[in-house]
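Trainee: Could you work out the structure for the sequence below:
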Amino acid sequence: MNITNIKYIFQKELRSFFNSPVAYIVIVVYLAILGWFFVSNLFINNISTLRTVFEMTPFLLLFFAPAMTMRLISEEKKSGTLELLFTKPIKEYEIVTGKFLAVWALYFFTLSPTLCYYLTVSILGTLDTGAVIGGYLGLLLVGAVFLAVSVFGSALTENQVVAFIVSLFIVFTLFILDKILFYLPTSIAVVLEYVSIDYHFSNIARGVIDTRDIIYYFSTIGFALFLATNVLQKRRWA
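Mentor: Residues are numbered from 1 along each chain as shown. A predicted model of the protein is given here:
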């Protein structure tokens, strides 16, 4: 693995995010929606908790992750710049990894301002620090999975709208799986429960860091990026 190539792609994509309105729109809209729910709980319902942040962020990511990634590869395909990258000594997995890390960094920047909610709640009441750390770790991992899957969705097509819809369908399926388990036989429900992303997030959000959950997240991220890499490899040699 050539770290220099990944760094080049990472920096190129991150600059493109912040040189356009994309990053600022994503950050402002996300914080506005999440802030409204947080403030509503705090002042209207008189509840000082970070549960709103941990419950709403995965739901918001269903839409934000596909929106943040839909142009990453599909636009390069459409404009022909992907073929230009192929002429350089850069491997497909380096392109995919660099782009994924860039959009994950954008998500990190988007999530960072919510730490002010933690400061607010800690002043007004008592917080379980372990649960807060677990919650934010879980949000970073959930975001990584949704973004990796959405990078794969972007690699499948030249059309950004189609990339958004495909990515939304896949991440929504991963999100909803544990909500339909009671309709299914136990043998199938056990498997789908493990595949469900929300099941693993709920464990980490309670402050319980289980290696099975960490393995699930990283294996899912790796598999999604592998699929995206495979799509690019087929395009190179098509």
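Trainee: give the contact list for Val132.
Mentor: Residues near Val132 by Cβ atoms under 8 Å, 6 or more residues apart in numbering: 50, 118. Placement of C-beta: from N, CA and C, glycine included.
Trainee: which residues in this structure form helices?
Mentor: 3-18, 21-39, 51-69, 74-79, 81-86, 92-111, 115-124, 129-155, 160-176, 186-195, 197-205, 211-236 (DSSP state H).
Trainee: Show me what the second one is packed up against.
Mentor: Using 3 or more Cβ pairs under 8 Å, 6 or more residues apart in numbering; DSSP states H and E as the contact definition, the elements that helix 21-39 packs against are helix 51-69, helix 92-111.
Trainee: most neighbours per residue, which of the helices of the chain?
Mentor: Mean neighbours per residue, mean count of other Cβ atoms under 10 Å, is largest over the helices of the chain for helix 129-155, with a mean of 23.
Trainee: Output the helices and strands packed on helix 21-39 in a markdown table; the columns should cover mean pLDDT.
Mentor: Listed next are the helices and strands packed on helix 21-39 as a markdown table, based on pLDDT from 0 to 100:
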| stretch | mean pLDDT |
| --- | --- |
| helix 51-69 | 86 |
| helix 92-111 | 92 |
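Trainee: which one of those lies closest to Ile176?
Mentor: Judged by Cβ to Cβ, the one of the helices and strands packed on helix 21-39 that comes nearest to Ile176 is helix 51-69, at 9.3 Å.
Trainee: Name the surrounding residues that touch that closest one.
Mentor: 22, 26, 30, 33-34, 37-38, 41, 103, 106-107, 110-111, 114, 117, 135, 138-139, 142-143, 146-147, 149-151, 153-154, 163-165, 167-168, 171-172, 175, 197-198, 201, 205.
Trainee: Stretch 151-162 too?
Mentor: With contact meaning Cβ under 8 Å, 6+ apart, stretch 151-162 is reached by 66, 69-75, 77-78, 96, 99-100, 103, 163-164, 166-167, 170, 224-225, 227-228, 231-232.
Trainee: Looking at that stretch now, give me its mean pLDDT.
Mentor: Stretch 151-162 shows a mean pLDDT of 90.
Trainee: how far does it sit from the chain's center?
Mentor: Its chain's C-alpha centre and that of stretch 151-162 lie 16 Å apart, by Cα atoms, centre = their mean, to the nearest Å.
Trainee: just stretch 7-16 next, same as before
Mentor: Stretch 7-16 sits 18 Å away from the centroid of its parent chain (Cα atoms, centre = their mean).
Trainee: export the helices and strands packed on helix 21-39 to JSON lines and tack on distance to Phe86?
Mentor: Listed next are those as JSON lines, based on distance: least, Cβ to Cβ, whole Å:
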{"stretch": "helix 51-69", "distance to Phe86": "20"}
{"stretch": "helix 92-111", "distance to Phe86": "8"}
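Trainee: Those: which one's closest to Asn5?
Mentor: Taking those one by one with Cβ to Cβ, helix 92-111 is closest: 4.3 Å.
Trainee: mind saving the C-alpha coords of the closest one as CSV?
Mentor: Taking Å, rounded to 0.1, in the frame of the first residue of the first chain, the C-alpha atoms of helix 92-111 are listed here in CSV:
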residue,chain,number,x,y,z
GLU,A,92,-7.7,1.4,-7.4
TYR,A,93,-7.8,0.6,-3.7
GLU,A,94,-5.6,3.7,-3.0
ILE,A,95,-8.2,5.8,-4.8
VAL,A,96,-11.1,4.3,-2.9
THR,A,97,-9.3,4.5,0.5
GLY,A,98,-8.2,8.1,0.0
LYS,A,99,-11.7,9.2,-1.0
PHE,A,100,-13.3,7.3,1.9
LEU,A,101,-10.9,8.8,4.4
ALA,A,102,-11.6,12.3,3.0
VAL,A,103,-15.3,12.0,3.4
TRP,A,104,-14.9,10.4,6.8
ALA,A,105,-12.8,13.4,7.9
LEU,A,106,-15.6,15.7,6.6
TYR,A,107,-18.0,13.7,8.8
PHE,A,108,-15.7,14.1,11.7
PHE,A,109,-15.6,17.9,11.2
THR,A,110,-19.4,17.8,11.0
LEU,A,111,-19.8,15.9,14.2
